[in-house]
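> A predicted structure for the sequence below; I have some questions about it.
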Amino acid sequence: MFHATRRTVAVVDLTGYARLAQTRDDLAVARLLDDFYRLCHARIREAGGRVVKFLGDACLATFDPESTAAAVAGVVAIRRGVRELEPGLDVGINVHLTGLVEGDFGPDEDRRHDVIGGGVNHTFLLGRGPGIRLSEPVYRKLPSDARGPWTKRAMPAIYVREEVES
């Protein structure tokens, strides 16, 4: 059914998609998304990963932890490919190594493979907008010679005030 495991999770999201979709007819947008899905599927499979699902203009994929460096190379290739597909279009990609629950979920007649858990949610929260963001556990899995292009950035502090009764 489902089980707890550790995976590298990648979220790939087209940036500029909503703006582009407003300037194209639905059939042209559908063709673009189909090309994007095919590109993601090919690069993720080549890197040893599995597409869990496509969600509109996004893709969720997982990789075995041993394939983390290949996963990073795969998402870099996806970004390059998207830029070739459509000038002006880019992707925002988040990659995180985490524990999660994976398996087949849903009613018996329509079960689907999926991944859930706080680590999956954290992957989505690594950042937004164009670019590729790696979590610290993913960065540590990269061989030393592959770390050169990556720059460490501190997450901005968030200050929250809870209203209290006086």
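Perfect, thanks for sending it. Residues are numbered from 1 along each chain as shown.
> Is residue 116 bridged to anything, and to what?
residue 101 (DSSP bridges).
> wait, what's in contact with it?
For residue 116, the contacting residues are 100-102, 105, by CB atoms under 8 Å, 6 or more residues apart in numbering. For the C-beta atoms, the positions are set from N, CA and C on the backbone; glycine is no exception.
> for those residues, which one is nearest residue 129?
Closest approach between these and residue 129, by CB to CB: residue 100, at 24.4 Å.
> thought the closest one was touching residue 7?
Yes: counting by CB atoms under 8 Å, residue 100 touches residue 7, with 5.8 Å between them.
> what sits in contact with each of the two?
Joint contacts of residue 100 and residue 7 (CB under 8 Å, 6+ apart) are 62, 115.
> if you count what's nearby, which of those two comes out ahead?
Per other CB atoms under 10 Å, whichever of residue 100 and residue 7 has more neighbours is residue 7, with 26 against 23.
> Report whether the more buried one is found in a strand, as I expect.
Yes: counting by DSSP: H, G, I helix; E, B strand; the rest coil, one finds residue 7 located in a strand.
> out of the contacts of residue 116, which is most surrounded?
The member of the contacts of residue 116 that has the most neighbours, counting by other CB under 10 Å, is residue 100 with 23 neighbours.
> And stretch 90-103, how far out from the chain middle?
Distance, stretch centre to chain centre, for stretch 90-103: 5 Å (CA atoms, centre = their mean, to the nearest Å).
> Please put the alpha-carbon coordinates of it into CSV.
Taking Å, rounded to 0.1, in the frame of the first residue of the first chain, the C-alpha atoms of stretch 90-103 are listed here in CSV:
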residue,chain,number,x,y,z
ASP,A,90,11.7,29.8,-17.6
VAL,A,91,11.3,27.4,-14.7
GLY,A,92,11.5,27.6,-11.0
ILE,A,93,12.8,24.3,-9.5
ASN,A,94,13.2,23.2,-5.9
VAL,A,95,15.1,20.0,-5.0
HIS,A,96,15.1,18.5,-1.5
LEU,A,97,16.2,15.3,0.1
THR,A,98,13.7,14.2,2.7
GLY,A,99,11.7,11.5,4.4
LEU,A,100,8.2,11.0,3.0
VAL,A,101,5.4,8.4,2.6
GLU,A,102,5.0,7.0,-0.9
GLY,A,103,2.6,4.5,-2.4
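> what sits against the residue nearest to residue 100 when sequence neighbours are not counted?
Spatial nearest neighbour of residue 100, excluding adjacent residues (CB to CB, 6 or more residues apart in numbering): residue 117 at 4.0 Å. Applying CB under 8 Å, 6+ apart to residue 117 gives the contacts 98-101.
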